[in-house]
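# Need coordinates for the following:
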Amino acid sequence: MKSVRVGLVGSRFVSTIHAEALKRVPTAELFAVCSPTEGHAADFAKRHGVRHAFRDYHKMIEAPELDLVVLGCPNDLHCEYTELAAAAGKHVVCEKPLALNLDEADRMIAACKKAGVKLMYAEELCFTPKYVRLKRLLDEGALGRPYLVKQCEKHDGPHADWFWDVQRSGGRL
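Numbering: from 1, shown residues only. Take a look at the predicted model:
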């Protein structure tokens, strides 16, 4: 089976999570990492065994060997970077949130459909073992017929300063 060559956009917290996960996938190859911050991509590449480090996103997606980009960048870049990746024929995995608004989400979907590439949403909690087990129990009827399921996750984030800027992260004041 052919390997999927992956380019990570971002070199901090969430990209580290993706890199660690992708190392466990036999058909995934950590091909490239991109960060506009001097030295970040090169340092990340050394730590994770990534073959290529870029400061310029455009240069990374021009690599003909690249199959897929994982967007772990500020939320306000998701739409633009997805449209550029799609135009370059690259599949996209986008960290949450998909977009800042519905118009951007529609543009991202349209760009990927037009280019014939996949647009995937990175919501890791869907596949956490406890939720997979819960789904199995529900499917088996072991818990009866639920009328409400609530769940809560917490972490010590946010992990980047841009998150506090509503123009970059989304939301309203």
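# pull the CA atoms of the helix or strand harbouring H78 into CSV?
If you go by DSSP states H and E, H78 is part of helix 78-87. Taking C-alpha atoms only, helix 78-87 is exported to CSV below (Å, rounded to 0.1, in the frame of the first residue of the first chain):
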residue,chain,number,x,y,z
HIS,A,78,-8.1,27.6,7.9
CYS,A,79,-10.2,28.8,5.0
GLU,A,80,-7.4,30.4,3.0
TYR,A,81,-5.0,27.4,3.6
THR,A,82,-7.7,24.9,2.7
GLU,A,83,-8.5,26.7,-0.6
LEU,A,84,-4.8,26.8,-1.4
ALA,A,85,-4.2,23.2,-0.6
ALA,A,86,-7.3,22.1,-2.6
ALA,A,87,-6.1,24.2,-5.6
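# which is the next helix or strand following it?
Toward the C-terminus from helix 78-87 - assigned by DSSP H and E - lies strand 91-95.
# Mind listing what's buried along the next helix or strand after that next one?
Heading C-terminal from strand 91-95, the first helix or strand you meet, by DSSP H and E, is helix 102-115. Residues of helix 102-115 classed as buried by neighbour count (16 or more other Cβ atoms under 10 Å): E104, A105, R107, M108, A111, C112, A115. To be clear about C-beta, it is placed using only N, CA and C from the backbone, and glycine gets the same treatment.
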